[in-house]
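> what follows is a predicted structure for the sequence shown.
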Amino acid sequence: MNIKQDAIPNVVREKIKEVEEKNNIKLSTIQKILCSIEGPILTILDVLYGDVNLFVLDQHMEQANEFIAGKLEINEGDEVDLREVIVHKYGRPLAYGLSYIPKDRCSNTIIEKLLKEDKTTGRILLEHEIETITKINDITIEEPTAKLQNLFHASEKMIVREYSVIHKKNVVIWSKEIYPLSHFKE
C-alpha cells in the first residue's frame with residue numbers, strides 16, 4: 001500500500017529552523033523545547049533543575065506606550081502592569097522575563113497578587129482557574145542589552161521568545177523571555 005504522507009505544519013518548528021539557519025547555529029533539544037512550550041518556561045526549568053526560584057526585579061503600573069499598546073491590543077495610555085523577573089537556581093540566573101499585563105483585563109485580586117507576590121503570572125492564573133491559550137509571536141537571537149549583560153555576566157547573544165497569553169479572545173499578558181545562547185545546551 002502506498003500512502004502519501006504530508007508533514008504536519010508547525011509554525012514554531014519552522015520559526016526555530018529559520019532562526020538556526022539565519023544565525024548559523026544549532027539549538028539544543030532543551031532550547032527548542034523552551035522556545036516552543038505554550039506558557040512560561042519556569043515549569044520546564046523547575047522540572048529540569050529542581051526548585052528554581054523567581055525574583056522580581058521590577059514591578060509597577062505605567063501607561064502603555066504605542067509599542068506595548070499594539071502588543072496588548074489596547075489603547076495607548078491605558079494602565080499596564082510591567083513586571084521584570086529573573087528565574088534563578090542558587091543565585092545563578094537562568095532566564096529573564098518581561099511581561100506587560102493590561103489592568104482593565106484583570107480583576108483587582110489578580111492585580112494585587114501580581115504586585116505583592118513572587119509568583120509567576122502563570123501560577124496566579126492557574127490558582128484562579130483562568131483558562132488561557134498561549135500564542136508564540138516570535139523567536140529570535142539578539143545582542144544583549146547592558147542590563148542583560150549585567151544580569152547574566154555575559155555579553156553573548158541571547159535567545160528571545162515573545163508570546164501572548166489570551167483569555168476570551170483578549171491578550172491578557174504579553175511576555176518576553178530571554179537567556180544566553182550558551183544556556184541549556186544539554
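Cool, the structure landed.

> would you say residue 39 is within a strand?
No: counting by DSSP: H, G, I helix; E, B strand; the rest coil, residue 39 is not part of a strand but coil.

> how much space separates it from residue 157?
Distance of residue 39 to residue 157, given as C-beta to C-beta, to the nearest Å: 24 Å. In this view, the C-beta of every residue, glycine as well, is placed from N, C-alpha and C.

> now residue 93
16 Å.

> try residue 64
Taken as C-beta to C-beta, the span from residue 64 to residue 157 is 29 Å.

> which one of those two is surrounded by more residues?
residue 64 (21 against 16; other C-beta atoms under 10 Å).

> who does the biggest helix by length in the chain touch, helix- and strand-wise?
In the chain, with assignment by DSSP state H, the single longest helix is helix 11-23. Applying 3 or more C-beta pairs under 8 Å, 6 or more residues apart in numbering; DSSP states H and E, we find helix 11-23 packed against helix 29-36, strand 133-142.

> got any ranges where the protein has weak pLDDT?
1-9, 111, 113-123, 125, 128 (pLDDT under 70).

> let's see that with 80 instead.
Along the chain, segments meeting pLDDT under 80 span 1-9, 39-40, 106-132, 186.

> what about the helices in it?
Counting by DSSP H, the helices of the chain are 11-23, 29-36, 42-49, 66-72, 108-116, 121-127, 146-152.

> tell me which of these lies nearest to residue 81.
Relative to residue 81, the nearest member of these by C-beta to C-beta is helix 108-116, separated by 5.7 Å.
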